[in-house]
Every structure is written in structure tokens, then in C-alpha cells.
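>>> With the sequence up front, the predicted model follows.
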Amino acid sequence: MNFPLRMTLGTNYRASLRAGNLMTALALLALSICEPAKAEDWPQFRGLHGNGVSQSKQALPVEVGPEKLVKWKATLPPGHSSPVLSQDRIFLTGVDQDRLLTIALDRISGKVLWQQPAPYDKPEKIHNTGNLAQSSAVTDGEIVVTFFGSSGLHAYTKDGKHLWSHRMGPFKNDFGAGSSPIIEDNYVILTQDHDVDSFIAAYDKKTGTEIWRTDRSEFMRSYASPTIWTVNGKKEIVAAATLRIVGYDFETGKEKWTVKGVSRLVNMTPIVGPDNTLYAACWSPGGEGDDRIVPPPVEELFASDTDKNGTLEEGEFPENPLKRRFSQIDRNKDGHITRQEYQSVALTHSQGRNVVLAIAPGGSGDITKSHVRWEYTKQIPYCPSPLLYRDALYMVKDGGILSILSPESGKALKQFRLQATGNYYASPVAGDGKVYLMSQNGELTVLAASEGWKELYTVKFEADGHATPAIADGRLYVRVGDKLYCFGLPDQTASVK
């Protein structure tokens, strides 16, 4: 039942009582009580608004496992995308041999309802820990949109009817595509930052027609998904990548503001707090302490151009920390590094800063000095996005190092190593006073979101964990290996209306 109808029933109930019509009043009351509550949606990567927090008041399980508190489990084609939920459906993507699939499941039973393959010319290159199904789906309850970098955007009805496709790629990026699309109003928003030809674009969600497209050629490969930030009643799209964070006008795609001085690449998606502060975590390898890479001057490097053709080939590249990044410096992937290519990449290494920022709303132009409320520069993750939950900002770093910061000051409230000490790609999520963290090794940690931040439980699944869990209506959805688990307490029933 929608909100206006519920209000109408309440008004008619009170009117019937005033008129002395007890039977009519009781009938209206029964209809209101019997109407099931609307199901909580988790419609995109990290749920509503991308903040990783469930708003349901239902209790969430703690001691889950492959055989514990399992409502159902489904065997699926493997993929690294996270499950998204709307009404009675779950959507995700997977790779079945040579097929790139959009998959829909029944939310109550876990039964696969439909699969749709996405066309592509040839598989794109991906990182050795990656997967061709890395980007999470997005849905508004009527349509579901998925993205495969080697294929483009594809839209379907919730029942699997193909609506449109917007082909793109392959992109020049040896690590593949990874950021996820979002739906806001009538737009599908997609950011794609690669070694060349980076862009952000808005597409009509009903037709796939490109509404606007903004060039981001200065930005190199990054994997942060876009974030919507509403400031003074107007929507902005926030994108974090090479050396700066940018806010774009929602309707036109024009740049409105920027914060400079972040890392050379960004994998973590910014989040917006309850007080409308924006939080962004930015970290890349070779950007801090003893591990910082200092690029040699261009003339010193190009002294190794033995054939004097004005470019460096892989066999000519001298021994230094940048040599293993030859393919990344060769931005257009033609096998030759030009001076311009080298200088653009060297700049990102020399100027990149690994940092967490809190940014105040309402700026225009360069707001680096005017709107940055605080910075934090220690133990920053590489891939997992930060989580703001119950007045604490959570970040988990490879090795299981958990940092909990004050969102007001940026000061560390607690920092410790989890029992699960592996690498982390999945982002933390929270609900019912609990924080859930999944390691690449398939270890799920449940943490109390209260002072002391006690580890309540850790369980290891016998499969890898790259996907961020989903939470809705007291149920926890965990994707590991070729399985999707739905966990819930024994007395729970799910709502899907």
C-alpha cells in the first residue's frame, strides 16, 4: 500500500468514527492493519544512496555460516558484482563460460527467474584478481540496468524483457571496467575512467539515449562509482579520481566544484553523511612513506631511447619502480611511451596524496581550502569504500586493519586488526547495530557498532569473497564463489510487496 492510500484510509477511519459508523471504521482499520509492510530495497551498489546502511528495524543475524541460519542459497555463475534488491527480485551479474549474464532471482526462495546474455565483440583484459562481471546492477523497481565494460549498458524490465542497450568499449585499460551505474530520477549515470577517453555520462533510463556526456580525459583509470549529493535543493554528481574530486551539475554534466590533492587513482566511492557532509577516501599504491614512487626526470628516462625514435619501448625502459607499470604509462596501448604519456603519469605519482577527506556542501570552483573540514592520512584502504554508521566512520584495509574515525573531527576512535587478516575488496555494510565485513578469503566478520566495537563473530566460507554484502528487512545476502546466501533469524518472514 502506498503512503497516500494509507493516509486516506486513516482519514476515512476517523471520519467514520465521528459519524458513528462503527462497522465501516472497523473494516477500514482491518484493511490498514492487514496490509503488509513494503519491502526494504537495496537498489544499487551498497544500497539506498550507496551508503551501505540498512534502515530496517528488523533484527539481523550474527552467527551465520554455510549451514547456519540459511534461509536459502543459490548456485550461480561466478562474478564479483554485489546483489541488489527491489520488491520481490534480486539482481546481479555473472560469467558463464563465454556469456556475460544479467540474472534475476526470487527474493523469497532464491530461485533463478531469468538470465539475459549481454552481447560483446571480445572479452576485455582484466586484472588477475578481477572478473568480467565486476560492476553491480542498479534498479528502480521497474527496470534493471547492468554494465559490462566490454559490452556497455543493458536495460531490462524486472521480468527480463530487453529494453535497450548502449554499446561502448572495449576500453584501453588492462584491468577492465569496474565502477557501477546508478539511477537517479530519469537518468542512468555512469562514470568510466580509463587510461584514455575517460568520461561521465547521463542516459535516459527508458530509452538508453545519451542525454549529456562530459569529457574526463585528464583522469586515468579509477573505479569509484558516482554519488548523488543534494545541496541547497539541487542535485550534484560526485566523481573521485586522479588527483581531484569533482562535483557535476546533475542536469547538464558541467563541472561545478573541485577538491584537489587526492591520490593518483581512486577505487572507493564517496558517501554523504546525515549532516550532508561528503566523505571521500582516496588511496593508491606507491603513494606514501617508504613505498612512495619518485619518477625520474623525463630527460633522464628518455636517455634510454637507444633507437632514437623519440619513444620508449618495453625493452628500452630502464630498471626503476615504474618499469612494471609500462602498460599503464603506455596510455593508448600502442607499445610505445611518448614523453607526453610519461609526463602525465609521472605527475600523478609526484602529486598524488593518499588521504581521507570530509567536505562541506555548498561550494563552487576550487573549494580545496574553503570546504575541506578535515583530513586523515593513516591506514587508508585501497578498494573498500568507507562506511558511516551511528556516528562512526569505518574503513577496512588489507591485512584486516580496521580504522574507526570520528566523522566530526576525523580523529581515530579506535584502530585494530581483525581476526580475518586477508585482503579486502568488498565494502563494509551495516544494520541493526552491526557492521559486516567480508575479506577476499571469504571470511565474514560481524562487529558491534557501539563503543568498544567488539568482534561478535567470524566465519570462513570455502570460497573467495569479492562482492559487497546486501542487507534488507533483517536478511543478509552474501555472495562468495559461485553461491549467493540469504541469512535470517529463524522466526523471520520476508516482505516483498
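Cool, got the structure.

>>> make it CA atoms for all contacts and neighbour counts henceforth
Noted.

>>> Run through the residues that contact Q44.
Residues near Q44 by C-alpha atoms under 8 Å, 6 or more residues apart in numbering: 50, 84-85, 136-139, 182.

>>> where does the stretch 51-200 of the chain have low pLDDT?
Counting by pLDDT under 70, the stretch 51-200 of the chain contains no low-confidence range.

>>> was I right about Y424 contacting G400?
Yes - between Y424 and G400 a contact is recorded at 7.4 Å, counting by C-alpha atoms under 8 Å.

>>> so where do the helices sit in the stretch 151-300 of the chain?
Taking DSSP state H, counting those that start in this stretch, the helices of the stretch 151-300 of the chain run over residues 298-302.

>>> Which parts of it are strands?
Remark: strands assigned in the stretch 151-300 of the chain by DSSP state E, counting those that start in this stretch are 152-157, 162-167, 182-184, 187-192, 199-204, 210-215, 227-231, 234-241, 244-249, 255-260, 271-272, 278-282.

>>> for those, which one sits closest to D482?
strand 152-157 (22.8 Å; C-alpha to C-alpha).

>>> Would you check the distance separating that closest one from the middle of the chain?
18 Å (C-alpha atoms, centre = their mean, to the nearest Å).

>>> which other residues reach it?
Counting by C-alpha under 8 Å, 6+ apart, 118, 142-147, 162-169, 205, 208 sit against strand 152-157.

>>> Please repeat the previous calculation with a cut-off of 7 Å.
142-147, 162-169 (C-alpha atoms under 7 Å, 6 or more residues apart in numbering).

>>> try stretch 239-255
So stretch 239-255 is in contact with 212-214, 219-220, 222, 224, 226-227, 235-238, 256-266, 348, 352, going by C-alpha under 7 Å, 6+ apart.

>>> make it 6 Å
214, 219, 222, 226, 235-238, 256-266, 352 (C-alpha atoms under 6 Å, 6 or more residues apart in numbering).

>>> Likewise for stretch 302-309?
312, 316.

>>> Neighbour count for Y424 and G400, which is higher?
Y424 (27 against 21; other C-alpha atoms under 10 Å).

>>> Look up the closest residue to that one, ignoring the ones flanking it.
Nearest residue to Y424 in three dimensions, chain neighbours excluded: S439, at 4.7 Å (C-alpha to C-alpha, 6 or more residues apart in numbering).

>>> Run a quick neighbour tally on the closest residue to L387 other than its chain neighbours.
Spatial nearest neighbour of L387, excluding adjacent residues (C-alpha to C-alpha, 6+ apart): Y394 at 5.0 Å. When counting by other C-alpha under 10 Å, one arrives at 23 neighbours for Y394.

>>> Now for Y394: which residues touch it?
Neighbours of Y394 in contact, by C-alpha under 6 Å, 6+ apart: 386-387, 403-404.

>>> In these, find the pair that's most separated.
L387 and S403 (10.7 Å).

>>> Looking at the two, which one has more neighbours?
Neighbours were counted for L387 and for S403 using other C-alpha under 10 Å; L387 has more, 27 against 22.

>>> rewinding a little: ok, the residue nearest to Y424 - contacts?
So S439 contacts 423-424, 465 (C-alpha under 6 Å, 6+ apart).

>>> One more pass at 7 Å, please.
420, 422-426, 465.

>>> S54 too?
430-431, 471-472.

>>> Equivalent analysis for R99, please.
P117.

>>> change it to 10 Å
77, 116-120, 123, 132 (C-alpha atoms under 10 Å, 6 or more residues apart in numbering).

>>> In TSV: those residues, plus distance to E40.
TSV is the format used below for the contacts of R99 (distance: C-alpha to C-alpha, whole Å):
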residue	distance to E40
P77	26
Q116	25
P117	28
A118	28
P119	32
Y120	34
P123	36
L132	29
